[in-house]
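**Student:** I'd like to go over a predicted model; first the sequence, then the structure.
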Amino acid sequence: MRHLRLFQYIDTIVREGSLRRAAEKLYVTASALDRRLQDLEEELGTQLFERHARGMRLTAAGEIYVNYIRRHIAESERVQSEIDRLQGMQQGQVAIAVSPALATDFIPNLVREFRLQHPGVSFLVHVAQHEVAMQYLLNYDVDLAVIIAPPKHPDVFDLAVVNQPLLAAMDAEHPLAKKSPLRLSDCLQYPLVLPSIGLTTREMLDTALRPLGRAAKIAAETNSYEVMRGLLPGTEHIGFVLSTARQHINNTISIVHHPLNTREVHPVPIICAQLRSRGLSVAAAQFSQLVVKELESMHMEDGVSE
């Protein structure tokens, strides 16, 4: 399939932004790669790249052509997956983009469960903020995005959307440990372990805190949910997690979790999404079904209204 190899060459030049770096990644010489590119541009009758001292940049024609070849590569991968299915799905890869809040427990647990049934399938997991995760999806870098409160995009199809409440987490001996549900104003009496600025859960909290007109006593800020949970035992600190951390919650005896008043802190939407124009491989389609099933299961248990 020579055309697929050429497509991968062009795609790599775009991603690397340089003939030299692309050639190194593809294990070919830069002169040979440039020759293949020039032959293609001559065949198409137009330049695909503007050549600059700092690298290569797509022309308008190049943008159109790269979108075409990425769709073609994705479709070829889907067809190969269909062929693999005839052999019992012995191999394949599922690429996903995941919000940080879902990367600690939710996605790892599902990947483990899936690989118990299909050990020949490997996973490529990108942990990223929702804007970056959406770009991974739009660039054909991943099959699926499982992310929190993403921006809407007409080329993206939501396989499932489930609202999840934000929980306050604290030591089992905390003064508020037996009070449920909690108001955010109750939590402000104690030092808080907040998600880092830029995380969706931090945006939710900042939005809810603003009308209260009270400054929070910040004990720590972190983009790691493991660090946040590690700062709670034996203290009066209060941290915050989504209820997707359910399995870890059940295994953490010294920490209790209580939902926050939904009139103060609105539940957050979690989506599992794919590109409208991209057919999923057999493995990716089956994994997406597992994700959707788990999200819907949590939705039923939490009783959160849409």
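**Tutor:** Perfect, I can see it now. Numbers count the residues shown, from 1 in each chain.
**Student:** give me the pLDDT for residue 255.
**Tutor:** At residue 255, the model reports a pLDDT of 88.
**Student:** immediately after the lowest-mean-pLDDT helix or strand in the chain, which helix or strand?
**Tutor:** One helix or strand of the chain scores below all others by mean pLDDT, DSSP states H and E: helix 246-251, with a mean of 48. Next helix or strand after helix 246-251 toward the C-terminus (DSSP states H and E): strand 255-259.
**Student:** only alpha carbons, please: show that next one as PDB.
**Tutor:** Presented in PDB, the C-alpha positions along strand 255-259 are these (Å, rounded to 0.1, in the frame of the first residue of the first chain):
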ATOM      1  CA  ILE A 255     -11.600   9.500  53.700                       C
ATOM      2  CA  VAL A 256     -15.300  10.300  53.400                       C
ATOM      3  CA  HIS A 257     -17.000  12.000  50.500                       C
ATOM      4  CA  HIS A 258     -20.200  14.100  50.500                       C
ATOM      5  CA  PRO A 259     -22.000  15.800  47.600                       C
END
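**Student:** tell me where the stretch 151-300 of the chain has helices.
**Tutor:** 184-187, 200-209, 225-230, 246-251, 282-302 (DSSP state H, counting those that start in this stretch).
**Student:** can you tell me the centre-most residue of this protein?
**Tutor:** residue 98 (1.9 Å; C-alpha atoms, centre = their mean).
**Student:** partners of that one in the sheet?
**Tutor:** Beta-bridge pairing for residue 98 (DSSP bridges): residue 127, residue 146.
**Student:** contacts only, for it.
**Tutor:** 107, 125, 126, 127, 128, 133, 145, 146, 147 (C-beta atoms under 8 Å, 6 or more residues apart in numbering). Every residue, glycine included, has its C-beta placed from N, CA and C.
**Student:** just the buried ones among those, please.
**Tutor:** 107, 126, 127, 128, 133, 145, 146, 147 (16 or more other C-beta atoms under 10 Å).
**Student:** wait, the second one sits on residue 100?
**Tutor:** Going back to what we said before, that points to residue 126. No - at 11.0 Å, residue 126 does not count as touching residue 100 under the criterion of C-beta atoms under 8 Å.
**Student:** tell me where the model's unsure across the stretch 201-306 of the chain.
**Tutor:** 245-253, 299-306 (pLDDT under 70).
**Student:** ok, how many other residues are close to residue 58?
**Tutor:** 18 (other C-beta atoms under 10 Å).
**Student:** that one: what's it in contact with?
**Tutor:** Residue 58 neighbours (C-beta under 8 Å, 6+ apart): 14, 48, 49, 50, 66.
**Student:** and what of residue 297?
**Tutor:** By C-beta under 8 Å, 6+ apart, residue 297 has no neighbours at all.
**Student:** now it: how far from residue 271?
**Tutor:** For residue 297, the distance to residue 271 equals 16 Å [C-beta to C-beta, to the nearest Å].
**Student:** check residue 78 too.
**Tutor:** 22 Å.
**Student:** out of those two, which sits in the busier spot?
**Tutor:** Taking other C-beta under 10 Å, residue 78 and residue 271 do not tie; residue 271 has more neighbours (21 against 17).
**Student:** correct me, but that one touches residue 151?
**Tutor:** No - between residue 271 and residue 151 there is no contact under C-beta under 8 Å: 10.9 Å.
**Student:** what number of residues lie near residue 230?
**Tutor:** Count around residue 230 with other C-beta under 10 Å applied: 13.
**Student:** now do the lengthiest helix in the chain against helix 282-302, angle only.
**Tutor:** Determined from DSSP state H, the single longest helix within the chain is helix 60-85. Angle of helix 60-85 versus helix 282-302, following axes from the mean of the first three to the mean of the last three C-alpha atoms, to 10 degrees, is 90 degrees.
**Student:** show me what helix 60-85 is packed up against.
**Tutor:** Counting contacts by 3 or more C-beta pairs under 8 Å, 6 or more residues apart in numbering; DSSP states H and E, helix 60-85 packs against helix 2-16, helix 282-302.
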